[in-house]
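Asks: predicted model follows, preceded by the sequence.
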Amino acid sequence: MEFGVQFFPAVSPSQKPASVYFSESLKVAEEAERLGFTHARIVEHYFLPYGGYSPNPIVFLAAVSQRTSKMRLVTGAVLPIFNHPLKLAGEIGMLDALCNGRLDVGMARAFLPHEFRHFKLSMDESNARYREGMEQIALLLEHENVSHQGQFHSFEKVTSLPRPTQLPRPKFYVAATQTPETFDFAGRNGHALMAIPISPKMRDLVAIYRKAWKDAGHPGEGQVMMAFHMFCHEDRQKARDLAREPYASYFEMLTGVVGEFETTTNSGDYRDYDKMAAKLRVAELDSQIASGSAWIGSPSEIRESIRRANETFGPFDHASVQVNFGMVPFDAAMQSLLLFAKKVMPHFA
């Protein structure tokens, strides 16, 4: 198993200015590479403290590219629905050049109702826009002088510049949480998978991905990346005490933005998201630790959590650990990162 660091800002300007958040995050990324972490990953979200500091993952990863030399840089994920494919393809090519071919491109449908509302787009179009966007971006990266007539975007005889450094293009990841068709789509089309282990059926969903990959004739079994909150301390109780409030704050922000699925939002593209929102509303630290969804505790506890996660969610290849979630103090996050690298990672090399 390989480990990387994930950045998901869930702070408000009154809690921490963006300049401070990103200064700290860049230091985390630098130290993570030194300690042997193999990727850095960041989200795309808008408008609210939950993710809103990161409207463009490529900007942050461009900064990381100049402070690192080996780790993969992962968009986790960009949202084609809110970006024109011509613009996004060009930005991907530019970042792939800046990092000398270390970019992996994760893409997602988007799922936060307020973002669709502000962009004045229908959630019922999310899947169609997503798949068309992926197809067009792949075409623009893989070929020159291309044309495509889509339902939402069209272009004729255009060459996207810069051309990608990795040929024919950077690897694509498909972000998925609980919709079986998305897991099948990722496997069938030969894309890697990035998942968040919040569905009780995650093991079955990963199996759908692996089967679709094999049935399509792709070599190997595909690649699966999962994301986890992580806080490591020699003292198991201190780990919980230090992480509890930031963890609760993160989930309070999350449930605040997905709560619309329980009340007003009803879309065929987001089946059972009301159930997901209800489950998240009652999530608390100790139960998430027990399930393996949160890696918080002493090194030995976290090693057991990782083994349990593999059993519960199905085997996965990459783990993105979020170390500076919420308002975790920066120094504590760095110590946690160091301890995890020294006493956890070697057991899964």
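Replies: Okay, I see it.

Asks: okay, now stretch 216-227: how far is its last residue from its first?
Replies: With CA to CA, to the nearest Å as the measure, stretch 216-227 spans 26 Å from end to end.

Asks: got the buried residues for that stretch?
Replies: By neighbour count with 16 or more other CB atoms under 10 Å, stretch 216-227 contains the buried residues Gly222, Gln223, Val224, Met225, Met226, Ala227. From N, CA and C alone the C-beta is placed, and that goes for glycine too.

Asks: need the contact partners of it.
Replies: 4, 6, 41, 74, 76, 173, 186-190, 192-197, 206, 209-210, 213-214, 309, 313-322 (CB atoms under 8 Å, 6 or more residues apart in numbering).

Asks: can you check stretch 150-162 too?
Replies: By CB under 8 Å, 6+ apart, stretch 150-162 touches 84-86, 89-90, 93-94, 96-97, 125, 128-129, 132-133, 135-136, 140-141, 144-148.

Asks: pull the most distant pair out of the buried residues of stretch 216-227.
Replies: Pairwise distances across these (CB to CB) peak at 17.2 Å, for the pair Gly222 and Ala227.

Asks: any idea of the mean pLDDT in the top helix by length along the chain?
Replies: Taking DSSP state H as the criterion, the chain has its longest helix at helix 236-258. Mean pLDDT, helix 236-258: 85.

Asks: which neighbouring elements make contact with that helix?
Replies: Contacts defined by 3 or more CB pairs under 8 Å, 6 or more residues apart in numbering; DSSP states H and E place helix 236-258 against helix 113-119, strand 224-232, helix 273-281, helix 285-291, strand 294-297.

Asks: got the residue ranges for the strands in the stretch 1-150 of the chain?
Replies: Secondary structure of the stretch 1-150 of the chain, counting by DSSP state E, counting those that start in this stretch: strands at 2-7, 39-42, 72-78, 103-107, 146-149.

Asks: just put the ones you listed in CSV and tack on mean pLDDT, mean neighbour count and distance to Ser305.
Replies: CSV is the format used below for the strands of the stretch 1-150 of the chain (pLDDT from 0 to 100; neighbours: other CB atoms under 10 Å; distance: least, CB to CB, whole Å):
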stretch, mean pLDDT, mean neighbour count, distance to Ser305
strand 2-7, 97, 24, 13
strand 39-42, 98, 29, 20
strand 72-78, 95, 26, 21
strand 103-107, 97, 26, 24
strand 146-149, 97, 12, 45
